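Novice: Predicted model, plus sequence, below.
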Amino acid sequence: KAGVTQTPRYLIKTRGQQVTLSCSPISGHRSVSWYQQTPGQGLQFLFEYFSETQRNKGNFPGRFSGRQFSNSRSEMNVSTLELGDSALYLCASSPRTERSNSPLHFGNGTRLTVT
Amino acid sequence: GENVEQHPSTLSVQEGDSAVIKCTYSDSASNYFPWYKQELGKGPQLIIDIRSNVGEKKDQRIAVTLNKTAKHFSLHITETQPEDSAVYFCAASLGGSARQLTFGSGTQLTVLP
């Protein structure tokens, strides 16, 4: 079974621009979560999508948004990029069954550099 | 909100020795505690997890213990091997949802041959 696929692997953007990152979950997984990883703040939860609806949101500004498509694929968007948005953005998928504590399976991330 | 503290930040052991990483959490509602291993250039990989109704869980050379009263949990790796070298993260679920995790700050484990 293929793992979580994130594209692109690397991105370089300029301050003020916007960026869209893509995530394809493991086949059959219906929940997609996004995390930001930086050396200073570590791994921080951004948001979770299930059935094309945002279910949970972390403490990030409105410049960070996402969406999920009917095939469970997800995208996240960051508008008006700031230097501090430079990070590894990780997508994770989960079956999200009735047993809520289904483990998260992470992709290898998209490395975003803002200059 | 939940706060997870992890110690130590770096750990060096000789091949064959044991390694222990400890975490504490603040939210008594947390009931799911996974451990992830992250190798350079890769995303975190789940290595073991434990739920609050269990005190200990073991999978070959890896074990996790949970003390709900004290709100701490630990990862134990026995007979360490060079391929165990990586960054290890503990996490706790916020409000019982495994999909919204609060992570510790990570431990860089180095196994010396």
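Specialist: Good, I have the coordinates.
Novice: what bits of chain B have low per-residue confidence?
Specialist: B:94-98 (pLDDT under 70).
Novice: ok, 90 please
Specialist: Applying pLDDT under 90 to chain B flags the ranges B:1-2, B:27-31, B:51-54, B:93-100.
Novice: near chain A, which residues of it show up?
Specialist: Counting by C-beta under 8 Å from any C-beta of the partner chain, the residues of chain B close to chain A are B:1, B:31-32, B:34, B:36, B:41-46, B:49, B:51, B:89, B:91, B:93-94, B:96-106. The way it works is simple: take the backbone N, C-alpha and C, and place the C-beta from them, glycine included.
Novice: From those, which land in strands?
Specialist: Per DSSP state E, strands hold the following members of the residues of chain B next to chain A: B:32, B:34, B:36, B:45-46, B:49, B:51, B:89, B:91, B:93-94, B:97-103.
Novice: Pretty sure residue A:38 sits against residue A:85.
Specialist: No. Contact status for residue A:38 versus residue A:85: not in contact, 9.3 Å apart, counting by C-beta atoms under 8 Å.
Novice: who's more crowded, these two?
Specialist: Set residue A:38 next to residue A:85 and count neighbours by other C-beta atoms under 10 Å in any protein chain shown: residue A:85 wins out with 22 against 13.
Novice: Now do the contacts for the more buried one.
Specialist: Contacts for residue A:85 (C-beta atoms under 8 Å, 6 or more residues apart in numbering or on different chains) come out as A:78, A:112, A:114.
Novice: Strands of chain A, start to end?
Specialist: Under DSSP E, chain A gives strands at A:5-7, A:10-13, A:19-24, A:31-38, A:42-50, A:53-57, A:64-68, A:74-78, A:87-94, A:105-106, A:110-114.
Novice: so what pLDDT did residue A:107 get?
Specialist: Note on residue A:107: pLDDT of 97.
Novice: surely it meets residue B:43?
Specialist: Yes. Under the criterion of C-beta under 8 Å, residue A:107 makes contact with residue B:43 at 5.2 Å.
Novice: Mutual contacts of those two, please.
Specialist: Counting by C-beta under 8 Å, 6+ apart, the residues touching both residue A:107 and residue B:43 are A:4, A:90, A:92.
Novice: Would you mind measuring from the residue nearest to the spatial centre of chain A to residue B:83?
Specialist: For chain A, the residue nearest the mean C-alpha position is residue A:34 (3.0 Å; C-alpha atoms, centre = their mean). Plainly put, residue A:34 is 29 Å away from residue B:83 if you go by C-beta to C-beta, to the nearest Å.
Novice: Give me the distance between residue A:19 and residue A:5.
Specialist: For residue A:19, the distance to residue A:5 - C-beta to C-beta - is 18 Å.
Novice: And for residue B:46?
Specialist: For residue B:46, the distance to residue A:5 - C-beta to C-beta - is 17 Å.
Novice: What residues does chain A have near chain B?
Specialist: Taking C-beta under 8 Å from any C-beta as the contact definition, chain A meets chain B at A:4, A:31, A:33, A:42-45, A:48, A:55-56, A:58-59, A:90, A:92, A:94, A:96, A:100-109.
Novice: If any of those residues are buried, put those into a PyMOL selection.
Specialist: Buried subset of those, written as a PyMOL selection, criterion 16 or more other C-beta atoms under 10 Å in any protein chain shown:
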select buried, chain A and resi 4+31+33+42+43+44+45+48+55+56+58+90+92+94+96+101+102+103+104+105+106+107+108+109
